[in-house]
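*Asks:* next comes the sequence, and after it the predicted model I'd like to discuss.
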Amino acid sequence: MARFLLNPCLYTSRCTETVIPTPVTPLTLPDWLQAYRDGASPAALLGSLRGRLAARTHDVAVIRLISDAELQARLAALDAAAAKHADRAALLAALPLFGVPFAVKDNIDIAGIETTAACPAFAHRAERSATVVQRLEAAGAVWIAKTNLDQFATGLVGTRSPYGRPASALAPERISGGSSAGSAVLVARGDVPFSLGTDTAGSGRVPAGFNQIVGLKPTPGRTSTAGVVPACRSLDCVSIFAQTVDDAAGVLAVIEGADPADAYSRFAPGPAAYAPALSIGVPAQPEFFGDAAYVSAWPSALERLGSLGHRVVPIDFSPLHEVAALLYDGPWVAERHAAVRTLLARQPEAFDDTVRRVISRALDMSATDAFVAQYRLRELALQAAAVWAGCDVLMVPTTTGHPRFADIDADPIGLNSQLGRYTNFVNLLDWCAIAVPSGTTTAHLPFGVTFIAPPRHDAALARFARGWQAAAALPMGAASRVPSLPAATPTLWPRHERLLPIAVVGAHLSGLPLNGQLIERGATLIEATTTAPRYRLHALPGTVPPKPGLVRDEAAGHAIALEVWAMPQSAVGSFLALIPAPLGLGSIELADGRRVHGFLCEAHAVAAAPDVSGFGGWRAYLASLH
């Protein structure tokens with residue numbers, strides 16, 4: 001018998017008990033939410049999903065499915081939440097992930113559920129959920145599976161697990177990548193719209209590349225790791241897999257933020273957007289270790305950058321490669337030992353052979369080695385930071401090739417190191433990154449690139465990657481479906497930074513010379529409108545670039561075209577410092593009666609300035625000059 005929710009108005013297109021079937025299996029977050037708007041119930045969709053997953057025999061991507069009883073308990077909680085809201089619009093506004101399923105890498109705790117980290121001898125029942133899971137459930141999301149991984153998140157291959165070796169969703173003879181293997185595969189198969197991974201050395205990026213999906217790795221500290229089994233605790237990040245950049249960024253907006261339960265949590269907002277045309281740093285001598293298919297795929301990615309209006313800047317990656325080598329060849333491997341030292345001493349046979357070999361390297365390292373490496377990392381970090389003087393974003397191949405299982409069996413450590421060539425340095429430098437599909441190789445395998453940015457540039461980097469995904473228009477994962485992206489860029493991070501609306505009427509308008517001052521400070525365009533019909537616009541003489549002066553005139557005013565931009569309040573001070581006299585920020589009345597801060601001019605400065613109010617706005621006046 002079908003299970004219906006208490007308030008059918010919340011899940012139907014009209015306030016009736018008619019439930020409308022969903023014609024297409026939901027793939028992305030908008031798909032799932034639209035299904036609920038169209039009348040589907042969480043009980044029907046999630047019950048069907050669980051049934052499909054349970055019907056797969058020996059699914060090595062999954063360690064544990066949610067039980068029917070656990071799902072029913074979660075559905076009851078959603079029913080109770082729904083009953084508190086008058087309609088579905090209010091419900092989805094309060095719970096933006098209502099009824100959306102997600103998968104969780106099995107080194108992340110869920111209350112009452114066993115966490116294995118792909119090591120049965122380590123398995124323990126979690127007393128409470130990880131902070132990131134708590135935040136997702138508070139937004140209405142429903143965990144559906146705990147997923148397979150390289151044991152203790154040690155590896156980029158996905159083959160180091162007693163629960164099986166997941167394959168790429170697009171190439172069954174090739175590895176899925178790791179360590180977040182199962183989480184990537186479930187998204188690529190279309191089972192869930194997003195999943196949680198972790199990323200220390202590239203575990204949230206390499207599997208994305210091998211499965212043709214998005215892998216978002218935030219700035220270290222931006223997502224809490226409370227309730228996550230440590231790999232390298234000082235470097236670990238919770239990462240996100242999704243079909244689209246929009247979905248990954250939307251999930252990050254839910255889970256990010258400071259957490260007193262995590263000593264390494266540190267959240268600070270950063271730029272929200274980049275200028276339209278950027279300088280993109282790329283390896284001057286990209287390395288693919290003999291993979292001809294990857295070699296031939298790379299130039300297409302460079303060409304796409306040019307077609308999008310960006311400038312390609314070849315740079316020397318030598319300092320970054322030296323940083324990368326520190327992660328496994330240096331004393332940071334001792335952090336992995338610190339996390340499992342008791343079990344390793346008591347039951348070394350409980351470990352995967354390769355994982356044990358990697359972690360046991362720590363036994364030959366000293367405190368002196370740790371400090372020497374720290375000193376060298378500081379020196380290299382200074383060299384690495386210099387790249388940002390000449391470029392805005394880095395673009396690298398996500399991996400250097402796509403090995404077969406037999407290749408990994410023959411050289412498990414050497415090939416793993418090659419796969420981390422362009423990933424291992426990122427967390428050591430405190431940078432953020434996002435992996436996105438770029439195309440298909442001549443061997444008919446997915447080829448991906450990763451964009452990298454300085455600390456706290458997560459939102460700006462996501463917007464940049466969104467533009468790439470929209471332009472590439474590639475099918476995602478194994479679904480062979482090109483996801484539709486809204487024409488307008490969504491506000492990806494509205495939660496953690498207070499914004500100040502600022503109205504601009506002249507040189508700061510979109511596409512005009514000073515608009516970059518807004519974009520550099522993370523401002524985003526909210527709307528284009530006009531002032532109330534009580535203003536006059538004058539062309540100020542001698543200004544470079546040409547600027548207008550807006551003054552209020554109750555008797556003979558006009559409606560003047562303007563744009564309203566939302567700027568992070570933390571950036572307003574530096575913006576004010578750029579505004580020359582006789583201009584300043586004051587209160588402007590908009591056409592609908594609202595008041596916002598915006599550009600006004602001292603009255604004395606317009607006494608002899610040409611009145612251009614009749615053009616209706618600065619852009620129209622400039623057009624008249626040509």
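*Replies:* Arrived safely, thanks for sending.

*Asks:* quick check: which ranges of this protein have low pLDDT?
*Replies:* Low-confidence segments of the chain (pLDDT under 70): 1-24, 486-497.

*Asks:* change it to 80
*Replies:* 1-25, 86-89, 268-273, 480, 484-498, 519-520, 522-524, 526 (pLDDT under 80).

*Asks:* give me the domain ranges for it.
*Replies:* 27-275+283-472, 499-624 (automatic domain parsing).

*Asks:* got these as TSV, with distance to residue 480 columns?
*Replies:* In short, each C-beta sits where N, CA and C put it, glycine included. Formatted as TSV, the entries for these read as follows, by distance: least, CB to CB, whole Å:
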stretch	distance to residue 480
domain 27-275+283-472	10
domain 499-624	33
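
*Asks:* looking at those, which is closest to residue 479?
*Replies:* domain 27-275+283-472 (4.5 Å; CB to CB).

*Asks:* in the helix or strand harbouring residue 471, what counts as buried?
*Replies:* Assigned by DSSP states H and E, residue 471 belongs to helix 458-472. Within helix 458-472, the residues that count as buried by 16 or more other CB atoms under 10 Å are 458-470, 472.

*Asks:* next one: stretch 590-609
*Replies:* So for stretch 590-609, counting by 16+ other CB under 10 Å, buried means 590, 596, 597, 598, 599, 600, 601, 605, 606, 609.

*Asks:* what sits up against the helix holding residue 471?
*Replies:* 214, 216, 218-219, 222, 244-246, 248-249, 252, 256, 269-274, 278, 304, 307-308, 393, 432-434, 436-439, 451-453, 485, 489, 492-493, 522 (CB atoms under 8 Å, 6 or more residues apart in numbering).

*Asks:* correct me, but residue 123 touches residue 114?
*Replies:* Yes - if you go by CB atoms under 8 Å, residue 123 and residue 114 touch, sitting 5.1 Å apart.

*Asks:* between these two, what contacts are shared?
*Replies:* Contacts common to residue 123 and residue 114, judged by CB under 8 Å, 6+ apart, are absent.

*Asks:* contact partners for residue 228?
*Replies:* Per CB under 8 Å, 6+ apart, neighbours of residue 228: 107, 108, 109, 130, 132, 198, 236, 238.

*Asks:* quick one: residues contacting residue 566.
*Replies:* Counting by CB under 8 Å, 6+ apart, residue 566 has contacts 499, 500, 501, 502, 523, 524, 526.

*Asks:* go on, residue 537?
*Replies:* 505, 548-550, 558, 560, 611-613, 615, 617-618, 621.

*Asks:* the residues you listed, buried ones only, as a ChimeraX selection?
*Replies:* Of those, the buried ones go into a single ChimeraX selection, burial set by 16+ other CB under 10 Å:
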select :505,548,549,550,558,560,612,613,615,617,618,621
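
*Asks:* take the contacts of residue 537 and keep only those in helices.
*Replies:* If you go by DSSP state H, the contacts of residue 537 have 618, 621 in helices.

*Asks:* next, format the contacts of residue 537 as CSV and append distance to residue 417.
*Replies:* Output for the contacts of residue 537, formatted as CSV (distance: CB to CB, whole Å):
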residue, distance to residue 417
505, 56
548, 59
549, 62
550, 60
558, 67
560, 61
611, 69
612, 64
613, 66
615, 63
617, 58
618, 56
621, 61
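
*Asks:* starting at the chain centroid, how far to stretch 519-528?
*Replies:* Distance of stretch 519-528 from the chain centroid (CA atoms, centre = their mean, to the nearest Å) equals 20 Å.

*Asks:* tell me which residues of it come out buried.
*Replies:* Per 16+ other CB under 10 Å, stretch 519-528 contains these buried residues: 519, 520, 521, 522, 523, 524, 525, 526.

*Asks:* three-state assignment of the first one?
*Replies:* Think residue 519. Using DSSP: H, G, I helix; E, B strand; the rest coil, the secondary structure recorded for residue 519 is helix.

*Asks:* which residues touch it?
*Replies:* Counting by CB under 8 Å, 6+ apart, residue 519 has contacts 273, 274, 275, 276.

*Asks:* thank you, goodbye.
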